[in-house]
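J.: need a 3D model of the sequence below.
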Amino acid sequence: MKKVELLAPAGSLEKAKIAFMYGADAVYAGTSKLSLRTRAEINSDTLAETIIYAHSIGKKVYVALNIYAMDEDYAEIESEVKRLDKLGADAIIASDVGVINTIKKIAPNMEIHVSTQAHNCSNECVRFWEKLGVKRVVLARELSLEEIKNISTSLELEAFIHGALCISYSGQCLISSRLFGRSGNRGECAQVCRFLFDMYKGDKKESSGYLLSTKDLFTGSMISDLINAGISSLKIEGRMKSKYYVGVVTRFYRKLIDMYYSGEKLTFSEDDYKDLLTVYNREFTCGFLGDEKNIVNSRTCNHQGSMLGEVINCGKRIKIKLFSSVTQGDGIRFSNGEGMICNYIYDEKGLLINSASSKDIVYVDNKVNLKETGFVYKTLDVVLGKRIDDLPDKKIPVRFKFNAFVGKPVSMSIMCDGDEISLSSGMTESSINSPISKEQIIARLSKLGDTPFVMEDCDIMLDDNIFVPVKVINELRRKLVSKLITLRENKSYDKVLGNENISSFKNEITEGFSFLVRTEDQIKALLSKDVNIYVDNYNLYKKYKGDNIFYRPLRASHDNRECSKCLVTNNGYLNNSYKDSVSDIYMNVFNSLSLVFYSKYVSKVGLSPELSNYDISELISSFNNRFGFLPNVEVLIYGKPELMIMKYCPIRKDVSDKCSLCISNNYYLDDRKGNRYRLYRDSSHKVRVIDSQNIDKISDISYLKSIGVTNFRIDLLDESYDEVISILDKLSCI
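T.: Predicted structure coming up:
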């Protein structure tokens, strides 16, 4: 039985080494520009060192190239793919279908893992990637354990088990892009979900706080279930977290995985759990894996730490009764959110001390002007950090064979993980006065120094009373170890070849306007007009079904309801044959290679609303230069885009458990800067956060036509019949 993989983050070479030392089977890394972490510490040189180091100890490195790329990125992407192929990266993690097909073309034997950013939210989405010949799919964090069990695929499945969560489905969040021009799909997320919001029902404030700030994922009690569900790789989030976080979290889950395979009951100690809390937590949740509804910590968005003690009183110094130990240099946080480093700790006599234990009374300087009592939490533990740093390198066990017979060359072999390398040197001579002993040979062979290896066993066969120069033994050992390291660094793993032939073709150019509607009055205003109508209410679609009516199925799951024409909202729907289907603007089409790919499946491709007019011009020009014809695309020119789509419902959590409230009332999130975002629920109880501001590019239509755009989309929200007619009149004047 193949064991589940423990996959840890590697924001730097140092963190990768820590992860491996504490039991990770593989790490994932990426340089800043082409992955979804623009602040990543790792660069091209240290990434190469990480791969070499990992392979020398029998571990793997997966490299993230998971941005949604622009055409201007492709020269660098192609260069990076070639470099990673030469370095022997074990897999590339990607989201963009254009990038994935570029990898397949340049490095056909490279293993491809599809990032969770690709919105892998259903069995059908996984099956889509299976046809493209990838090796692994990283599942959406919104999938429950039962949904994972129902996925039927030959692909490896990867699931997150620990770390930060996104409140929106990954790859489906535009709020950072719209508010700050920083695209989460390109690694620049401003983490708007960690901001303070007020919730309103109409003009009445219902609740306040960090209403979209998720707790951190913790699945310590679910590891057996995940392995039994068929997960191949258990993934820890946190490339930007500290090395101590990487070490503590990796160690914690390594213990549980080893318990599973040894047949033990999976348990963990209070101390191990406290270490997890100390290195980072925003409170813990098992998330949607365990069908937990309350995944948000609305009180704070910061690291909470572990319980340290209770503030008894405040003054020039803060008096604390300890529940656990504290050491000089520890970081602490008080109930009011203020934090500090304990540079000085005093006992009850006012004397400076280095540390104190549980139940002791201590004092610390009131550097944060604390005025109220409450609890105090440890957010940084210097003793724990030293324990993580002091772990000696783990070594890979090797076995030696040593043969020496009079009149024959000295021969030596080294064996490791099924590999065997043999060498011989010199001639063995008799010696009565200074024969070599087995103990002397073992002593020389065990001198493996700072290599990744440690001698586990040695099989020695030799004649009595022989002489072998120490120099010969040392030289053979050094050469064998060097060859073994080279072999392991260059060792290739099983790869999967793609079977999808992506080729360009000329598509039919259409012209016109399309309206996304949400009410019956909006449909009535459009029925007699020469426009396409996208309907995301299935009952309305059935009632008004016609040649110009398209059903918009659910974005964040699979919708099996019948329709003849479809606005495709995720890759899973591309497995079906819909007549004259169109791809939604939320399919993250940023570049010409993705555009030509989706053009194989649909008659018209919606471009990402993150693209500016300039970006659209560059994209169409690049497409035309690459393929020799213009694409058939659609661009959003009017309406409030959907900035997020969430499985979590803030209304149900903060206002009432009655799920119908969001249908009969208008709820909004207010960012305290004058912007209100409508909360809109679909038929699968997913909540969409609608932009506070209209996009209005109607006046840009002439320019857009001049650069090759021929299809224009208008998104309606709650516009009345008369307001729709007014928009139509405005369009007719263009």
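J.: domain map for this structure?
T.: Domain segmentation of the chain under automatic domain parsing yields 5-165+215-263, 306-389, 396-489, 512-640+694-732.
J.: what about the last one, average pLDDT?
T.: Just to be clear, that refers to domain 512-640+694-732. Mean pLDDT, computed over domain 512-640+694-732, is 95.
J.: ok, back up a step: okay, the domains of the chain, which one's buried deepest?
T.: Burial among the domains of the chain, expressed as mean neighbours by mean count of other C-beta atoms under 10 Å, is greatest for domain 5-165+215-263, which shows a mean of 21. For every residue, glycine as well, the C-beta is placed using N, CA and C.
J.: about what we covered before: between the domains of the chain, which one is nearest to Gly290?
T.: domain 5-165+215-263 (6.4 Å; C-beta to C-beta).
J.: give me the distance between the two termini of that closest one.
T.: Taking C-alpha to C-alpha, to the nearest Å, domain 5-165+215-263 runs 17 Å from one end to the other.
J.: now that domain: mean pLDDT?
T.: 94.
J.: show me where the stretch 101-250 of the chain has its helices.
T.: For the stretch 101-250 of the chain, the helices defined by DSSP state H, counting those that start in this stretch occupy 123-131, 145-149, 175-180, 223-228, 243-262.
J.: chain center to the first one, what's the gap?
T.: This means helix 123-131. 19 Å (C-alpha atoms, centre = their mean, to the nearest Å).
J.: dump the domains of the chain to TSV, plus distance to Lys293.
T.: As requested, the domains of the chain are exported to TSV (distance: least, C-beta to C-beta, whole Å):
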stretch	distance to Lys293
domain 5-165+215-263	12
domain 306-389	25
domain 396-489	46
domain 512-640+694-732	16
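J.: Gly23: which of the helices of the stretch 101-250 of the chain is closest?
T.: Closest to Gly23 of the helices of the stretch 101-250 of the chain is helix 243-262 (C-beta to C-beta; 3.0 Å).
J.: buried residues of the next helix or strand after that closest one, list them for me.
T.: Counting by DSSP states H and E, the next helix or strand C-terminal to helix 243-262 is helix 270-279. Within helix 270-279, the residues scored as buried using 16 or more other C-beta atoms under 10 Å are 274-279.
J.: between those residues, which is nearest Val81?
T.: Of the buried residues of helix 270-279, the one sitting nearest to Val81 (C-beta to C-beta) turns out to be Val279, at 34.3 Å.
J.: ok, the closest one touching Thr250?
T.: No: using C-beta atoms under 8 Å as the test, Val279 is too far from Thr250 to be in contact (10.9 Å).
J.: give the contact list for Thr153.
T.: If you count contacts by C-beta atoms under 8 Å, 6 or more residues apart in numbering, Thr153 has them with 123, 126-127, 130, 137.
J.: list the contacts for the residue lying closest to Ser232 once chain neighbours are set aside?
T.: Leaving out its chain neighbours, the residue that sits closest to Ser232 by C-beta to C-beta, 6 or more residues apart in numbering is Glu156, at 3.8 Å. Going by C-beta under 8 Å, 6+ apart, Glu156 touches 135-137, 232-233.
J.: rebuild those as TSV, extending it with distance to Asp381.
T.: TSV is the format used below for the contacts of Glu156 (distance: C-beta to C-beta, whole Å):
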residue	distance to Asp381
Lys135	39
Arg136	35
Val137	37
Ser232	33
Ser233	29
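J.: so which of those residues sit within strands?
T.: When DSSP state E is applied, those are split such that 136-137, 233 fall in strands.
J.: sorry, back to before: closest one to Ser176 among the domains of the chain?
T.: Closest approach to Ser176 among the domains of the chain (C-beta to C-beta): domain 512-640+694-732, 10.0 Å.
J.: Gly58: which element?
T.: Assigned by DSSP H and E, Gly58 belongs to no helix or strand.
J.: you'd agree it is up against Arg488?
T.: Yes: if you go by C-beta under 8 Å, Gly58 and Arg488 touch, sitting 6.4 Å apart.
J.: now do the shared contacts for those two.
T.: Between them, Gly58 and Arg488 share no contacting residue, judged by C-beta under 8 Å, 6+ apart.
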